[in-house]
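> got a predicted structure plus its sequence, pasted below:
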Amino acid sequence: QVQVVESGGGFVQPGGSLKLSCVASESIFSLYGMGWYRQAPGKQRELVAAISVAGGSIYYADSVKGRFTISRDTAKHTVYLQMNSLVPEDTAVYYCNRRLYSDYDITQGYKDWGQGTRVTVSS
């Protein structure tokens, strides 16, 4: 049962910006920290950014620190990912979901994923 819907992806030139949105079900949003993940062509899914339930604890992968910002709007059950200074290596399908902590769950164990939103960074 899919409980998230991602949007906001698109095509952007290097150095550009995009803002992704993810609307989650109340059951998942109110109980769990949320994360943004991505899967680039030929690679495994990875965690990009995460935010705790109350928003006080935030994680970023080293590859996006200083460029991406995760936030959440409790009233809208929505998680955002503001992506700035995009580079071709950011090209991937981006997914949001509850915060997962093991590589196994992120890459294959956890099955309840949305369709994601595709981001393409190219000149």
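Done, it's in.
> how close does the spatially most central residue of the chain sit to Ala50?
Note on the chain: the residue nearest the mean C-alpha position is Trp36, at 1.9 Å, using Cα atoms, centre = their mean. Here the distance between Trp36 and Ala50 works out to 7 Å (Cβ to Cβ, to the nearest Å). To be clear about C-beta, it is placed using only N, CA and C from the backbone, and glycine gets the same treatment.
> so where do the strands sit in this structure?
4-7, 10-12, 18-24, 34-39, 46-51, 58-60, 68-73, 78-83, 92-98, 117-121 (DSSP state E).
> what does stretch 103-110 rub up against?
The set of residues external to stretch 103-110 that reach it, using Cβ atoms under 8 Å, 6 or more residues apart in numbering, is Tyr37, Gln44, Arg45, Glu46, Leu47, Asn97, Leu100, Ser102.
> repeat that for 7 Å
Applying Cβ atoms under 7 Å, 6 or more residues apart in numbering, the contact partners of stretch 103-110 are Tyr37, Gln44, Arg45, Glu46, Leu47, Leu100.
> burial of the residue nearest to Arg118 when sequence neighbours are not counted, as a residue count?
Leaving aside its sequence neighbours, Arg118 sits nearest to Gly9 (Cβ to Cβ, 6 or more residues apart in numbering; 4.7 Å). Per other Cβ atoms under 10 Å, the neighbour tally for Gly9 reads 18.
> same question, Val87
When counting by other Cβ under 10 Å, one arrives at 13 neighbours for Val87.
> OK, contacts around it?
By Cβ under 7 Å, 6+ apart, the contact list for Val87 reads Pro14, Val121.
> can you do 10 Å?
Shown here is Val87, whose contacts under the criterion Cβ atoms under 10 Å, 6 or more residues apart in numbering are Pro14, Gly15, Gly16, Ser63, Val64, Arg67, Val121.
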